[in-house]
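> return a 3D structure for these sequence lines:
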Amino acid sequence: MGLDARRDRDRVYQPAEDSDLLATAAREAASSTDRVLDVGTGSGYVAHEVAETGARAIGVDPNPHACREARDHGIETVRGDLTAPFAPDSFDLVTFNPPYLPTDPDDEADDWMGVALSGGETGRAVIEPFLADVGRVLAPSGHVLLLVSSLSDIDVVRERAAAAGFEASAVAEDSFPFEKLLILRLDPV
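Alright, predicted model coming up:
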């Protein structure tokens, strides 16, 4: 691995337990004919796992280093914010492992890793705008797999999802000493 690749890797969220939980749920949910968007793709791990099912997976990330790393892993990647770069009704499945760690407003994310982890004061600063727009890019029978942490208040995320026109059901979970992770499947109502 060259110096530039190592430097990029230090600026990109690498797969962890939350990534594995989402990737497993996404592999189970995806079919070979699906068009899948992996929002906040980071290293491209979840998109790559979904592509292994035969689905066409595309990643989107605001971090140029993440886009480069995902492309290096064979993932078609767009640099952009959440679902904004995409046309209506474009995807059968959207996956998202958002930044969900609650952070003090005085501790602004000043680097790409901070951006990848910081969920704002409530842990939902990125989840809420995602929920507000993701329905636009879903095909009529599409659905969303959203990773949620107990640190960002799962019940409030469910309420926000309902307000955005989704029915939420848990399809996977994992517990750790400091948090519970849940994969919510969001279906348009």
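> pLDDT of stretch 32-43, averaged?
Average pLDDT, stretch 32-43: 96.
> ok, stretch 72-90 next?
Rounded mean pLDDT across stretch 72-90 is 96.
> where does pLDDT dip in the protein?
Within the chain, the segments meeting pLDDT under 70 span 1-9, 105-117.
> does Glu159 sit in a helix, a strand or a coil?
helix (DSSP: H, G, I helix; E, B strand; the rest coil).
> oh, I was asking about Asp187
Asp187 is classified as strand under three-state DSSP.
> now do the contacts for it.
143, 166-167, 169 (C-beta atoms under 8 Å, 6 or more residues apart in numbering). Bear in mind the C-beta positions are built from the backbone N, C-alpha and C, glycine included.
> same question for Glu49.
Contacts of Glu49 by C-beta under 8 Å, 6+ apart are 23-24, 26-27.
> at 6 Å what do you get?
Residues in contact with Glu49 (C-beta atoms under 6 Å, 6 or more residues apart in numbering) are 23, 27.
> and it, what element?
Assigned by DSSP states H and E, Glu49 falls within helix 45-51.
> longest strand of the protein?
Determined from DSSP state E, the single longest strand within the chain is strand 138-149.
> run through who's touching it.
18, 22, 25-26, 89, 91-92, 94-97, 100, 134, 154, 157, 179, 181-187.
> and if we set it to 8 Å?
By C-beta under 8 Å, 6+ apart, strand 138-149 touches 18, 21-22, 25-26, 29, 35, 89-98, 100-101, 123, 127, 130, 134, 154, 157, 161, 166, 171, 179-188.
> what about the closest residue to Ala125 other than its chain neighbours, distance to Ser19?
Excluding its sequence neighbours, the residue lying closest to Ala125 (C-beta to C-beta, 6 or more residues apart in numbering) is Gly119, at 5.4 Å. Counting by C-beta to C-beta, to the nearest Å, the separation of Gly119 from Ser19 is 16 Å.
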